[in-house]
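Student: what follows is a predicted structure for the sequence shown.
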Amino acid sequence: MEAKRAASDGLRPGEAALSVEPVPAPAKLYFIGRIFTPWATREECPRQGDLHGPLCRVEIAETWVSALVGIQSFERLQLLYWMHLSRRDLVLQNPRQGGEVHGTFALRSPLRPNPIASSLVALERVEGASLFVRGLDCITGTPLLDIKPEHCPRA
Ligand SMILES: C[S@@+](CC[C@H](N)C(=O)[O-])C[C@H]1O[C@@H](n2cnc3c(N)ncnc32)[C@H](O)[C@@H]1O
């Protein structure tokens with residue numbers, strides 16, 4: 001967890017955060033690379049990626065480069081990534097200031113207990129350890145968790 005903060009810090013009307021620490025479970029994730037996009041801040045990012053959006057580079061860590069074999073035959077990939085700047089204690093959220101309040105699990109907000117995001121991306125090309133894709137919505141430097149092919153191999 002991030003450093004403990006008062007549950008009410010930075011909340012909008014109707015929002016709620018946990019007042020106790022969740023019980024930690026022994027999940028262990030490997031960051032398999034990093035995503036480089038044109039956006040330096042959360043405010044600059046689109047809310048969702050666009051398959052015709054700007055070209056982004058996904059850099060795979062040296063250890064995992066062999067796991068890319070065959071990936072160039074797919075036009076579309078699902079990327080899972082870790083929204084490392086997110087607070088993780090919100091249970092109710094008001095995504096648009098003054099809007100309707102929803103439970104965290106009824107939203108695609110990056111603010112969640114395990115800040116895993118996913119996007120369908122268009123794979124343009126593969127160059128060594130780099131995948132060039134369109135369809136992302138995260139800030140540059142966001143850690144990558146996984147890549148899964150969508151089952152539409154190139155003709
Ligand atoms: C609404 S989320 C959608 C993410 C993903 N497409 C999904 O649906 O799971 C995208 C927003 O997350 C925020 N964001 C981007 N990168 C982030 C990061 N590394 N840490 C925390 N928030 C981030 C930006 O405000 C961006 O507009």
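Tutor: Sure thing, it's come through.
Student: phi and psi next, for the most centrally placed residue in the chain.
Tutor: By CA atoms, centre = their mean, the chain has its centre lying nearest to residue 117, at 3.2 Å. Phi and psi for residue 117, reported as degrees, to the nearest 10, are phi -110, psi 160.
Student: near the ligand, which residues of the chain?
Tutor: Taking CB under 6 Å from any ligand atom as the criterion, the neighbours of the ligand within the chain are 42, 45-49, 83-86, 108-110, 117-119, 137-139, 142. C-beta coordinates here come from the backbone N, C-alpha and C atoms, glycine included.
Student: so residue 67 sits in a helix?
Tutor: Yes - Residue 67 forms part of a helix when assessed by DSSP: H, G, I helix; E, B strand; the rest coil.
Student: neighbours of it, just the number please.
Tutor: Taking other CB atoms under 10 Å as the criterion, the count of residues near residue 67 is 12.
Student: ok, it - contacts?
Tutor: 32, 60 (CB atoms under 8 Å, 6 or more residues apart in numbering).
Student: and it, how far from the ligand?
Tutor: Residue 67 sits 22 Å away from the ligand, going by CB to the nearest ligand atom, to the nearest Å.
Student: picking up where we left off before, so what's the residue nearest to the centre of the chain bridging to?
Tutor: Beta-bridge partners of residue 117, counted by DSSP bridges, are residue 81.
Student: wouldn't it be in contact with residue 84 here?
Tutor: No - Residue 117 is beyond contact range of residue 84, at 10.4 Å (criterion: CB atoms under 8 Å).
Student: one step back: just the buried residues out of the residues of the chain next to the ligand, in PyMOL syntax.
Tutor: In PyMOL syntax, the buried subset of these is picked out as below (16 or more other CB atoms under 10 Å):
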select buried, resi 45+49+83+86+109+110+117+119+137+138+139+142
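Student: among the residues of the chain next to the ligand, which are in strands?
Tutor: With strands identified by DSSP state E, the entries of these that belong to them are 117, 118, 119, 142.
Student: show me where pLDDT drops low in the chain?
Tutor: Confidence mapping of the chain against pLDDT under 70 gives the ranges 1-7, 152-155.
Student: quick one, strands of it?
Tutor: Assigned by DSSP E, the chain shows strands spanning 16-17, 33-36, 56-60, 76-82, 90-93, 102-103, 116-127, 130-134, 142-149.
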